[in-house]
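# could you work out the structure for the sequence below:
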Amino acid sequence: MSSSIHPTAILHPGAEIGEGCIIGPYCILGANVRLGPGCRLHSHVVLDGHTTLGSGNEIYPFACLGARSQDLKWQGGITRVEIGDRNTFREYVTVHAATKDGGTTLIGSDNHLLAYTHIAHDCRLGSHIIMSNLAQMAGHVTVEDHAILAGMSAIHQFCRIGRFAMVAACTPVRQDVAPFMLVSGDPAETLKANTVGLERAGFEPEVIRAIGQAYRILFREGLAMPNALARIEGEIPASPEIQHLVAFIRSSERGITK
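Take a look at the predicted model:
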């Protein structure tokens, strides 16, 4: 199926457009943009830089993907944005390319990024992530699969958000957020396991109970983190979820939000 391109759109001759794309009025695509099949750009969308999108992405008006990093350390070179399939970018979303020559900002598939969200240079996003309106992240942030960042949350550079974690609205995150947990407040605090999110995702009840037990050991018993992890490994039956939680915390460089 051929693509539909509005006559007011401006596409550089070097841009590559996949089959079945719909490119609406006043969209602008740069020379090094690669757009996969079945993508839809509603109107006034800017795709710039060395930016590659997979199939079935939908981009709403005034979103800008692939522009140069705002980082003042940028000194030129080729920096990239690579985006997977079936993502939604709502109005005024911004995604910036990496800072250093050869670097890449990565976004997986099936993510839903609501209006005014910002993904800075060198971030790494997995898949099935929701960023609500005005959620913001600084450079070098990593977000694992199925995480939720509520409206006006803000993630400090180099932080990690674990899989199936939820960051509540208006929460500034300055340290890593453990997988399967719910973080809220200023300063941010891990309030509980993300039980509702895990139930909705279809986790078995025994897995949810184990994660709840791990939460209490980690965040409510006043233990040093190495001692808490040792207790979890000794008292809670091993499962992929518990093993991931323990490995995530052990690999933390910024510390864990408590």
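# what's the burial count for the residue lying closest to M1 once chain neighbours are set aside?
Closest residue in space to M1, ignoring its immediate chain neighbours: G20 at 4.3 Å, by C-beta to C-beta, 6 or more residues apart in numbering. C-betas here are computed from N, CA, C, even on glycine. Per other C-beta atoms under 10 Å, the neighbour tally for G20 reads 16.
# you'd agree G20 is up against R40?
No: if you go by C-beta atoms under 8 Å, G20 and R40 don't touch, sitting 9.3 Å apart.
# ok, V81 - how many residues close by?
Neighbour number of V81 under other C-beta under 10 Å is 26.
# what mean pLDDT does the helix or strand hosting it get?
Per DSSP states H and E: V81 is located in strand 80-83. Averaged over strand 80-83, pLDDT sits at 98.
# state the next helix or strand along the chain beyond it.
Following strand 80-83 toward the C-terminus (DSSP H and E): strand 88-89.
# helix or strand right after that following strand?
Strand 88-89 is succeeded, C-terminally, by strand 94-96 (DSSP H and E).
# can I get whichever helix or strand comes after that next one in PDB, CA atoms only?
For strand 94-96, the succeeding helix or strand toward the C-terminus, using DSSP H and E, is strand 104-107. Once non-C-alpha atoms are left out, strand 104-107 reads as follows in PDB (Å, rounded to 0.1, in the frame of the first residue of the first chain):
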ATOM      1  CA  THR A 104      21.900   6.600  20.800                       C
ATOM      2  CA  THR A 105      18.600   7.400  22.600                       C
ATOM      3  CA  LEU A 106      16.500   4.200  22.600                       C
ATOM      4  CA  ILE A 107      12.800   3.700  22.900                       C
END
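# who does the helix or strand following strand 104-107 touch, helix- and strand-wise?
Beyond strand 104-107 on the C-terminal side, the first helix or strand identified by DSSP H and E is strand 112-113. Applying 3 or more C-beta pairs under 8 Å, 6 or more residues apart in numbering; DSSP states H and E, we find strand 112-113 packed against strand 88-89, strand 130-131.
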